[in-house]
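A.B. asks: Quick one, fold the following:
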Amino acid sequence: MRLNNQKSKKFVLSLYFVFAVLFVFASISFDLVRTLIGNARFKYLVLFGVLILMLLFAHRVSKYFEYDSDGNVLVLMNKGMLLSEFFNYRENRAEFPKSRLLYYKLNNYGVYKSLNIYIKSNDNRQKRLRFNVTLVSNKKLKYLKQSLDKVVKQNKGIG
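C.D. replies: Model prediction:
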């Protein structure tokens, strides 16, 4: 089974556009208020700080996710949304045989969702891999759970 969150790229682009518009609007209004009223730096420093924090959070959360369970290998990948075609600076990729999957855990923190995959390493230790699945739809997360449950069930039948 293959799934990804390619459709959420449009949402992320529009989100960045909204941040750009808000930043320009805040800059223009800061100049207007400063000329009309006087010094209102503290309020605008707080506004710019909040905008920058929201932009950083959106940048951190907005990742492309891909899952492929065709064949004997599981492939999971996270990468950045916007510049990933040119700069592969945020890629997190894992390829491992299905037989190494021990279990998984899907965490939902409200505005952030993560998938923790626990695999058996070469020296029979447990290794955790974390993937950001925030922008994956609930329907696709349901299919992902079904696929991973099937692999875990097969592995418990083998062991």
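A.B. asks: beta partners for L101?
C.D. replies: Counting by DSSP bridges, L101 forms beta bridges with I119.
A.B. asks: what number of residues lie near it?
C.D. replies: Summarising burial for L101: neighbours were counted as other C-beta atoms under 10 Å, giving 19. Yep, even glycine has a C-beta here, placed from its N, CA and C like the rest.
A.B. asks: Would you check how far apart it and L15 are?
C.D. replies: From L101 across to L15, the span is 33 Å (C-beta to C-beta, to the nearest Å).
A.B. asks: How about L55?
C.D. replies: Noted for L55: a distance of 9 Å to L15, by C-beta to C-beta.
A.B. asks: quick one: contacts of stretch 126-142?
C.D. replies: Identification of contacts with stretch 126-142 by C-beta atoms under 8 Å, 6 or more residues apart in numbering yields 3, 5, 8, 11-12, 61-63, 65, 76, 78, 92, 94, 102, 106, 111-121, 144.
A.B. asks: Just the terminal-to-terminal distance for it.
C.D. replies: Criterion C-alpha to C-alpha, to the nearest Å; first-to-last residue distance in stretch 126-142 is 25 Å.
A.B. asks: taking the mean pLDDT, what do you get for it?
C.D. replies: Average pLDDT, stretch 126-142: 94.
A.B. asks: The lengthiest helix in the chain: which residues count as buried?
C.D. replies: With DSSP state H applied, the helix covering the greatest number of residues in the chain is identified as helix 8-36. Of the residues in helix 8-36, those buried by neighbour count under the rule 16 or more other C-beta atoms under 10 Å are S8, V12, L15, Y16, F19, F30.
A.B. asks: pLDDT-wise, what's the bottom of those?
C.D. replies: When the buried residues of helix 8-36 are compared, the smallest pLDDT is that of F30, 71.
A.B. asks: where does this structure dip in pLDDT?
C.D. replies: Counting by pLDDT under 70, the chain contains low-confidence ranges at 31-41, 82-89, 158-159.
A.B. asks: Would you confirm that N122 belongs to a helix?
C.D. replies: No: with DSSP: H, G, I helix; E, B strand; the rest coil as the criterion, N122 is assigned coil and is not in a helix.
A.B. asks: Contacts only, for it.
C.D. replies: N122 makes contact with no residue under the criterion C-beta under 8 Å, 6+ apart.
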